[in-house]
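> could you work out the structure for the sequence below:
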Amino acid sequence: MSNFTVPVGPLHVALEEPMYFRVDVQGETVSNVDIHAGHVHRGIEYLVTKRNVFQNLVLTERICSLCSNSHPQAYAMAIEQIAGLTVPPRGEYMRVIADEIKRVASHLFNVGILAHLVGFESLFMQVMEVREMMQDVKESVFGNRMDLGANVIGGVRFDIDAERIAYIREQLDLIAPAVAEITALYRTNSSILDRTRGIGVLSHADAIDCSVVGPVARASGINYDVRVKAPYSAYDRLEVKVHTLADGDVWSRAMIRLAEVATAIDILRQCLDNLPGGPTSCTTERPPIPVGEAIGKCEAPRGELIYYVRMTDSPRPERVKWRVPSFMNWDALRIMLKEAKLADIAIIVNSIDPCVSCTER
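Below is the predicted model:
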């Protein structure tokens, strides 16, 4: 059997961003994978030290597209700890609403791309059509389809009235049955099952060794979700179901995301039902930020996102460091791709929902 080294990337079918894989194959079977990053390093950790605390809310939101709301949220939470600010209850619920709207759109995008890579184009279009309903919600509530600009230091910058609440409810009532139909297709359709069951397996032990997070971890049986283990915003007042599966394959990761979409819809309904009155931010002015350091973390769509912020007597942070979920999940690809078929590489890579831009910040 012939041995080959196959270059995959830095531009290829699984990613819209550049990442280079050097794949050693024996015939059609992968024997080894080397992952090479660094094609789009932007130096954002340096740039945040050249801008003041409030300007960095805009910058951190542009680190990643699908997790764009989570970055300024975790950053704001760290700053609020340093400044001793308490977000009012309505602001906390609003942060959850923005968070879960992004989660629905992010997970549906990844699951839709899986259908595209399998070659099931009609299913891909069906998933993207449902996702478009949530994109309409983003545009109607926040004025933007990607970067929401929802968070400020001390709360959020947006609010919703009775008309907007009714509109969101209507959209959720349309999205929920459509997601249930898509989930049934992914659970039963042979085109999906044949290409995803038993493919790219990450065992529970390997998942722990690689410290994977988010849906990738939960698909391998790790019951960890920041919203439950270390509640923030209003999550301690909401019912959040954590979904896990044991097989750790591509199909399990897709099913976890679909289950989390249904849970996110339920969380949004809980927020709308129990939305408290009052202000959405604890201050209308830019509060002074004292010397100090803090950590803020949240459950981004891809998993646990951690921010460390250190302030001196300067209006600019001395240090901002973040650990993104994709950074933890990349290393597990070496295990997932081991003994995989060459044709399955793109499907397996997509299954971790990789983000190169936040990894190479």
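
> report the contact partners of the residue most central in space within the chain.
The chain has residue 301 as the residue nearest its centroid, 2.2 Å off, counting by CA atoms, centre = their mean. By CB atoms under 8 Å, 6 or more residues apart in numbering, the contact set of residue 301 is 66, 67, 70, 102, 103, 106, 107, 214, 353. Using the backbone N, CA and C atoms, a C-beta is placed for each residue, glycine as well.

> and the residue nearest to the first one when sequence neighbours are not counted, what is it in contact with?
If I follow you right, that is residue 66. Nearest non-adjacent residue to residue 66, counting by CB to CB, 6 or more residues apart in numbering: residue 106, 4.1 Å away. Residue 106 sits next to 66, 67, 301, 302, 353 when contact means CB under 8 Å, 6+ apart.

> same thing with residue 170?
Counting by CB under 8 Å, 6+ apart, there are no residues that residue 170 touches.

> go again using 10 Å as the cut-off
In this structure, residue 170 makes contact with 133, 137, judged by CB atoms under 10 Å, 6 or more residues apart in numbering.

> secondary structure element for it?
Taking DSSP states H and E as the criterion, residue 170 maps to helix 162-188.

> next SSE downstream of that helix?
Helix 162-188 is succeeded, C-terminally, by helix 190-196 (DSSP H and E).

> pull the residues that contact that following helix.
Residues from elsewhere that reach helix 190-196 (CB under 10 Å, 6+ apart): 114-115, 117-120, 123, 185-187, 249-255, 343-344, 347-348, 351.

> ok, back up a step: most surrounded residue in the contacts of residue 301?
Neighbour counts for those, by other CB atoms under 10 Å, peak at residue 70, which reaches 32 neighbours.

> now the strands for the stretch 1-150 of the chain?
With DSSP state E, counting those that start in this stretch, the ranges of strands along the stretch 1-150 of the chain come out as 3-8, 20-26, 29-36.

> now the shortest one and strand 29-36, what's the angle there?
I take that to be strand 3-8. Here strand 3-8 runs at an angle of 40 degrees relative to strand 29-36 (axes from the mean of the first three to the mean of the last three CA atoms, to 10 degrees).

> which other helices and strands contact strand 3-8?
strand 20-26, strand 29-36, helix 345-351 (3 or more CB pairs under 10 Å, 6 or more residues apart in numbering; DSSP states H and E).
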